[in-house]
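In: Prediction below, plus the sequence it came from.
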Amino acid sequence: MKLGTLNLENRYVLAPMQNVTTAPYRRFCRKFQKIGLVSVPMLYCKRIENDPTSVEKDLYKIEEERPISVQLIGSDPNALKSTIDYLNSYNFDIIDLNVGCPSKRAIKAHEGGYLMKDLEKLSVLINTAVKYSSRPISLKIRVGYEKPVKIEKLAQLINNSGVSLLIVHARTVLSKFTDGTLDLDTVKHLKERVRIPIIGNGDIINPISAKHFIDYTNVDAFMIGRESMGNPIIFSQIHEYLVKNKEVSFKNNKESMEKYVKIYESTIDEFLNGISHPIGNELIKFVELKRNAIWLSKNIDGSTKIRNLLSKTKDLKSLKELLSNYFNSKFY
Ligand SMILES: Cc1cc2nc3c(=O)[nH]c(=O)nc-3n(C[C@H](O)[C@H](O)[C@H](O)COP(=O)(O)O)c2cc1C
């Protein structure tokens with residue numbers, strides 16, 4: 001997929017997810033399938049304007065992860081400009097504007113999903129981003145705020161804006177993340193009217209749903225978020241199916257969990273090598289390994305007990321002891 005001078009190797013995109021798609025997580029997902037684009041989850045422009053160093057911890061070794069975008073959330077054009085200036089030295093491939101976050105905080109601050117009901121404000125922010133960024137700009141939107149957006153109006157705004165890529169989560173802002181509320185028709189109609197590539201997103205959980213999304217809407221690529229939590233091979237399952245018509249199952253058992261936990265641990269070690277993280281390397285490793293071990297256990301029969309125990313661990317040593325006991329069948 002070509003975006004100006006940037007060529008994405010394939011149409012698989014990992015969604016930005018705060019406290020999930022961290023640097024180790026993005027690297028981990030890329031170990032099982034090439035992924036055309038990953039993203040640093042949303043950074044707050046106001047926070048960066050006040051103290052740019054506050055986000056340094058989120059941007060270690062970014063240059064090793066390309067192609068990568070960074071997502072920004074904000075409502076103040078001046079804060080957006082200073083953020084873009086600050087991020088210039090990091091050479092991100094894309095700057096992505098968050099136009100979908102449904103949190104109370106975002107709506108109250110007139111940013112994120114709120115912008116779906118204030119297209120004039122959105123237009124000012126886009127103009128600022130396009131004017132001051134040397135990188136392509138993408139938008140991650142929803143299909144509307146409460147109801148589907150007026151497609152002609154949004155398409156016209158986007159087509160005249162200089163934005164290079166549109167990502168559409170196929171739900172309204174008020175639908176948050178509720179299952180069963182996907183609106184593929186609006187995505188399809190946007191695709192018919194917008195002259196830039198579109199990435200579709202929402203509830204893609206297996207090869208069948210990926211194929212259905214693409215076939216129905218004709219989007220150029222798709223983005224996956226939650227399904228990747230605990231299923232690191234989701235992109236490869238979809239690739240094998242779409243390209244080779246092969247079905248690959250994901251094994252939900254202790255052996256496969258052990259394998260993936262080991263790979264996750266070595267991915268964290270690779271990332272932390274040579275870094276002295278302000279949060280503390282051991283703490284980062286503990287937090288990363290703990291939540292991913294919990295996700296990786298989620299589909300294993302009878303795994304509720306281990307998940308409860310994992311969630312109660314307080315440090316790396318006890319976490320590793322627990323995992324080792326579990327994998328060596330000391331209980332269950
Ligand atoms: C824990 C969590 C954090 C998220 N953080 C962000 C974020 O920082 N920026 C964003 O645009 N979307 C965020 N999202 C939304 C996802 O990027 C994605 O649009 C949504 O989960 C739908 O895709 P899925 O059905 O594949 O999960 C987040 C979602 C979750 C579950």
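Out: Arrived safely, thanks for sending.
In: Every contact and neighbour count from this point should use C-alpha atoms.
Out: Noted.
In: Outside of stretch 144-162 itself, list whatever touches it.
Out: Stretch 144-162 is contacted from outside by 113-114, 116-117, 119, 123, 126-127, 130, 137, 143, 171-175, 186, 189-190, 193-196, using CA atoms under 8 Å, 6 or more residues apart in numbering.
In: buried ones in that stretch?
Out: Under the neighbour-count criterion of 16 or more other CA atoms under 10 Å, stretch 144-162 has 144-145, 148-149, 151, 154-155, 157-158, 162 buried.
In: Check the offset of it from the chain's centre.
Out: Distance of stretch 144-162 from its chain centroid, counting by CA atoms, centre = their mean, to the nearest Å, is 22 Å.
In: could you turn that stretch into PDB, dropping everything but the C-alphas?
Out: The C-alpha trace of stretch 144-162 is given here as PDB (Å, rounded to 0.1, in the frame of the first residue of the first chain):
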ATOM      1  CA  GLY A 144     -20.000   9.000  13.500                       C
ATOM      2  CA  TYR A 145     -20.600  10.500  17.000                       C
ATOM      3  CA  GLU A 146     -24.000   9.300  17.900                       C
ATOM      4  CA  LYS A 147     -25.300   8.400  14.400                       C
ATOM      5  CA  PRO A 148     -23.400   7.800  11.200                       C
ATOM      6  CA  VAL A 149     -21.600  10.900   9.900                       C
ATOM      7  CA  LYS A 150     -22.800  12.800   6.800                       C
ATOM      8  CA  ILE A 151     -20.600  11.000   4.400                       C
ATOM      9  CA  GLU A 152     -20.500  13.600   1.700                       C
ATOM     10  CA  LYS A 153     -19.400  16.300   4.100                       C
ATOM     11  CA  LEU A 154     -16.700  14.200   5.800                       C
ATOM     12  CA  ALA A 155     -15.400  12.900   2.500                       C
ATOM     13  CA  GLN A 156     -15.200  16.400   1.100                       C
ATOM     14  CA  LEU A 157     -13.300  17.600   4.200                       C
ATOM     15  CA  ILE A 158     -10.800  14.700   3.900                       C
ATOM     16  CA  ASN A 159     -10.400  14.900   0.200                       C
ATOM     17  CA  ASN A 160      -9.500  18.600   0.400                       C
ATOM     18  CA  SER A 161      -7.300  18.300   3.500                       C
ATOM     19  CA  GLY A 162      -3.900  16.900   2.600                       C
END
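In: Contacts only, for residue 163.
Out: 126, 130, 136-139, 196.
In: nope, residue 135 is what I was after
Out: Counting by CA under 8 Å, 6+ apart, the residues that residue 135 touches are 92-95.
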